[in-house]
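**Q** Sequence and predicted model, in that order:
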Amino acid sequence: MLDVAIRAKSFRSADGTVIEAVGDLRLSVPTGRFTCLVGPSGCGKTTILRLILGLDRHFDGEIAISETGAVAAVFQEPRLLPWRTVEENIRLALPGASAGEDLSGLFQTLGLAGLETFYPGELSLGLARRAALARAFALRPSLLLLDEPFVSLDEALAARLRGLLAEVWSARPTTVLMVTHNLREAVELADEIVLLTPRPARVSGVYPVTVPRSRRDAATVTALLADLTAAHPGTA
Amino acid sequence: MHGLGGLGLRAQAWSAATFLGSLAALVFIWWAAAGLAGSRAFPPPQDVLAFIVTEAASGELAFHLGMTLMRVGAAFVLAMTIGSALGIALGRHRGADRFFGPWVILFLNIPALVTIVLAYIWFGLTEAAAIGAVALNKIPNVVVTLREGARALDPAYTEMATVFRFSPFRRLRHVILPQLQPYIAASMRSGIALIWKIVLVVELLGRSNGVGFQIHLHFQYFEVAAILGYTLSFVAVMLAVELLLLQPYERAARRWRPGHA
């Protein structure tokens, strides 16, 4: 269970103006569930993830993580160490005990087989994104946070990677919180969609997706989208 | 010479020929000028070579070069280790930098000669004082370069390391040091050249062996052939260090950069 209760989070810009990034925001992600955080661009979604990850501790509120296992993140940019090979990047994220683990299955699933010894600079963005996903999955996290992991990829590749994410998630249910501004993506993947207002971010609505993931074909997703926008007018 | 590995055989032969031709031209000008001068104070290349051969045969040359090289090595390791640690610390902690910044500027501007003389006065004419004084001269330069590097560390990688719970050692080795590599290489480059010149002064003032001591000795008899002989021999040693240690290290460290060849 991930419980987020942020009362306020603001930034001071270089010229001294205070920008309120997140307003009064409460959200909880039950253990083993897949939740998507959807909101307009620039509404503070990434800030929320950074607060959950403990990368920024200057805010008013509490964040409680009851998952005891590892926490993994996939950032918006792949953030692979350019001076280490793909395989080294993934192994470095593993704790000492599982450093020698066999990763070939994971490389196979993500279409990275044969690229283990490549440096990130030699990969396309799509491949680098997959390596970043592999790094997060290899850790077998109990809490996984994803920040628009498929943004700026072509739709066919994004769809394939979404399929992979769903596959890996079903194989080993993990508590997932994914940030996206793509509603369709959220409807395809999530158990529950949390809609956010423009900055400062607040929860404007919650939409549970009850159709099982295996039955969400293109037509169903379109119908769900229509249902969602009808229930929450104003979300595009 | 960086790209030798990437050049074709022809281009490689051509670049080697240019290198040798350039050296030969320099030696020829030296020879011609020495002939015109006709003075013992400006000996021709063959006299210097003859001195090197005799000195090498007696074992003197190797001994004194070795002593100097030992001091250069010790001072270099000391200066790089302490300087890097201080530089990274100052680059990472703004408060510490504000407090110690003036000290760095002060030490940066103390002449090498003063450090050496004071080290000898305070700690006696010992090996430790000699090496310590040389290292102390170089440390502020390393600090300044590495501080710049530590300020430029990319927070994106630091955050990644935090999220994936990298241990402090793993973080240093895989996240911080690779980012500092260009700065480390730069201070190694400038360091090795600066250090050996200061080592000669240390030897001249208070050691009874090494290239600096020999130059001091031969200076008293105006033996220019000997002075040039020792100098050129040690330059050759430093060239070997550059080609056999520094360049391979940099090539290995640059391997990951696209288009590194």
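**A** Right, received. Where do you want to start? In this text the structure is predicted, and so the values were computed from the model without any measurement.
**Q** Tell me where chain A has strands.
**A** Secondary structure of chain A, counting by DSSP state E: strands at A:2-12, A:18-22, A:25-29, A:34-38, A:60-65, A:71-74, A:143-147, A:175-180, A:192-196, A:203-208.
**Q** Can you lay out those strands as a markdown table showing distance to chain B, mean neighbour count and mean pLDDT?
**A** Backbone N, C-alpha and C define where each C-beta goes, glycine included. Converted to a markdown table, those look like this (distance: least, CB to the nearest CB, whole Å; neighbours: other CB atoms under 10 Å in any protein chain shown; pLDDT from 0 to 100):
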| stretch | distance to chain B | mean neighbour count | mean pLDDT |
| --- | --- | --- | --- |
| strand A:2-12 | 15 | 17 | 87 |
| strand A:18-22 | 17 | 17 | 85 |
| strand A:25-29 | 17 | 18 | 89 |
| strand A:34-38 | 17 | 25 | 93 |
| strand A:60-65 | 13 | 13 | 89 |
| strand A:71-74 | 5 | 24 | 93 |
| strand A:143-147 | 8 | 24 | 94 |
| strand A:175-180 | 14 | 23 | 93 |
| strand A:192-196 | 22 | 23 | 91 |
| strand A:203-208 | 25 | 15 | 88 |
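**Q** Which of those strands sits closest to B:M70?
**A** strand A:71-74 (49.6 Å; CB to CB).
**Q** so what strands line up beside that closest one?
**A** strand A:143-147 (parallel) (DSSP bridges).
**Q** how close does the most far-flung residue of chain B relative to its centre sit to chain A?
**A** Using CA atoms, centre = their mean, the residue of chain B lying farthest from its centre is B:V163. It sits 39.1 Å away. According to CB to the nearest CB, to the nearest Å, B:V163 and chain A sit 5 Å apart.
**Q** Please tell me I have it right and that residue contacts A:R79.
**A** No: B:V163 is beyond contact range of A:R79, at 9.1 Å (criterion: CB atoms under 8 Å).
**Q** Which residue is the nearest non-sequential neighbour of the residue farthest from the centre of chain B?
**A** A:A73 (4.7 Å; CB to CB, 6 or more residues apart in numbering or on different chains).
**Q** Out of the strands of chain A, flag the one nearest B:A57.
**A** Across the strands of chain A, closest to B:A57 is strand A:71-74 (CB to CB), at 67.0 Å.
**Q** who in the stretch 151-261 of chain B is up against chain A?
**A** Contact residues, the stretch 151-261 of chain B versus chain A (CB under 8 Å from any CB of the partner chain): B:156-157, B:159-160, B:162-166, B:170, B:174-175, B:178, B:181, B:255-258.
**Q** What subset of the residues you listed is buried?
**A** The neighbour-count test (16 or more other CB atoms under 10 Å in any protein chain shown) applied to those identifies B:Y157, B:E159, B:M160, B:T162, B:V163, B:F164, B:F166, B:H174, B:V175, B:P178, B:W256 as buried.
**Q** Any chance of CSV for the residues you listed, columns secondary structure?
**A** Formatted as CSV, these follow (DSSP: H, G, I helix; E, B strand; the rest coil):
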residue, secondary structure
B:Y157, helix
B:E159, helix
B:M160, helix
B:T162, helix
B:V163, helix
B:F164, coil
B:F166, coil
B:H174, helix
B:V175, helix
B:P178, helix
B:W256, coil
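**Q** so can I have a markdown table of those showing distance to A:V187 and pLDDT?
**A** Shown next, in a markdown table, are these (distance: CB to CB, whole Å; pLDDT from 0 to 100):
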| residue | distance to A:V187 | pLDDT |
| --- | --- | --- |
| B:Y157 | 34 | 95 |
| B:E159 | 30 | 94 |
| B:M160 | 30 | 95 |
| B:T162 | 32 | 93 |
| B:V163 | 27 | 93 |
| B:F164 | 30 | 93 |
| B:F166 | 36 | 92 |
| B:H174 | 39 | 94 |
| B:V175 | 37 | 94 |
| B:P178 | 41 | 93 |
| B:W256 | 40 | 85 |
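**Q** Going by distance to A:S98, which of those residues wins?
**A** Out of these, the member with the shortest distance to A:S98 (by CB to CB) is B:F164, at 12.6 Å.
**Q** circling back to that earlier point, which one, of the strands of chain A, ends up nearest to B:L108?
**A** strand A:2-12 (34.6 Å).
**Q** between the closest one and strand A:60-65, how many degrees?
**A** 140 degrees (axes from the mean of the first three to the mean of the last three CA atoms, to 10 degrees).
**Q** Just name whatever secondary elements strand A:2-12 is in contact with.
**A** strand A:18-22, strand A:25-29, helix A:45-52, strand A:60-65 (3 or more CB pairs under 8 Å, 6 or more residues apart in numbering or on different chains; DSSP states H and E).
**Q** how about JSON lines for the ones you listed, with distance to B:I131 added?
**A** Formatted as JSON lines, the helices and strands packed on strand A:2-12 follow (distance: least, CB to CB, whole Å):
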{"stretch": "strand A:18-22", "distance to B:I131": "54"}
{"stretch": "strand A:25-29", "distance to B:I131": "60"}
{"stretch": "helix A:45-52", "distance to B:I131": "48"}
{"stretch": "strand A:60-65", "distance to B:I131": "52"}
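**Q** nearest to B:F107, of those?
**A** helix A:45-52 (39.6 Å).
**Q** what does that closest one rub up against?
**A** Identification of contacts with helix A:45-52 by CB atoms under 8 Å, 6 or more residues apart in numbering or on different chains yields A:2, A:4, A:6, A:9, A:21-22, A:25, A:37, A:39, A:56, A:59, A:63, A:65, A:73, A:76, A:145, A:147, A:177, A:179, A:181, A:196, A:201.
**Q** Just the CA trace of that helix, in PDB.
**A** Taking C-alpha atoms only, helix A:45-52 is exported to PDB below (Å, rounded to 0.1, in the frame of the first residue of the first chain):
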ATOM      1  CA  LYS A  45       2.900  14.700 -11.900                       C
ATOM      2  CA  THR A  46       6.600  14.300 -12.000                       C
ATOM      3  CA  THR A  47       7.000  16.300  -8.800                       C
ATOM      4  CA  ILE A  48       4.600  13.800  -7.000                       C
ATOM      5  CA  LEU A  49       6.700  10.900  -8.100                       C
ATOM      6  CA  ARG A  50       9.900  12.600  -7.000                       C
ATOM      7  CA  LEU A  51       8.300  13.200  -3.500                       C
ATOM      8  CA  ILE A  52       7.300   9.500  -3.300                       C
END
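**Q** my guess is B:L113 meets B:V202, correct?
**A** No: counting by CB under 8 Å, B:L113 does not reach B:V202; the two are 9.9 Å apart.
**Q** Which residue of these two possesses the greater neighbour count?
**A** B:V202 (29 against 14; other CB atoms under 10 Å in any protein chain shown).
**Q** Grab the nearest non-local neighbour of the more buried one.
**A** Per CB to CB, 6+ apart, closest to B:V202 is B:A130, 4.5 Å.
**Q** Then B:V142?
**A** B:G83 (2.6 Å).
**Q** so who does the one you found touch?
**A** Taking CB under 8 Å, 6+ apart as the test, what B:G83 contacts is B:K138, B:I139, B:P140, B:N141, B:V142, B:V143, B:L146, B:S187.
**Q** give me the element it is part of.
**A** helix B:60-92 (DSSP states H and E).
**Q** got a list of what the spatially closest residue to A:G23 that is not a sequence neighbour touches?
**A** Among residues not flanking A:G23 along the chain, A:P200 sits closest, at 3.8 Å (CB to CB, 6+ apart). Remark: with contacts taken as CB under 8 Å, 6+ apart, A:P200 is in contact with A:A8, A:K9, A:S10, A:E20, A:A21, A:V22, A:G23, A:G44.
**Q** for the last one, what are its contacts?
**A** When contacts are counted by CB under 8 Å, 6+ apart, A:G44 touches A:K9, A:A21, A:V22, A:L196, A:R199, A:P200, A:A201.
**Q** what's the farthest-apart pair in those?
**A** Longest span within those, CB to CB: A:K9 and A:L196, 13.2 Å.
**Q** That concludes my questions; thank you for your assistance.
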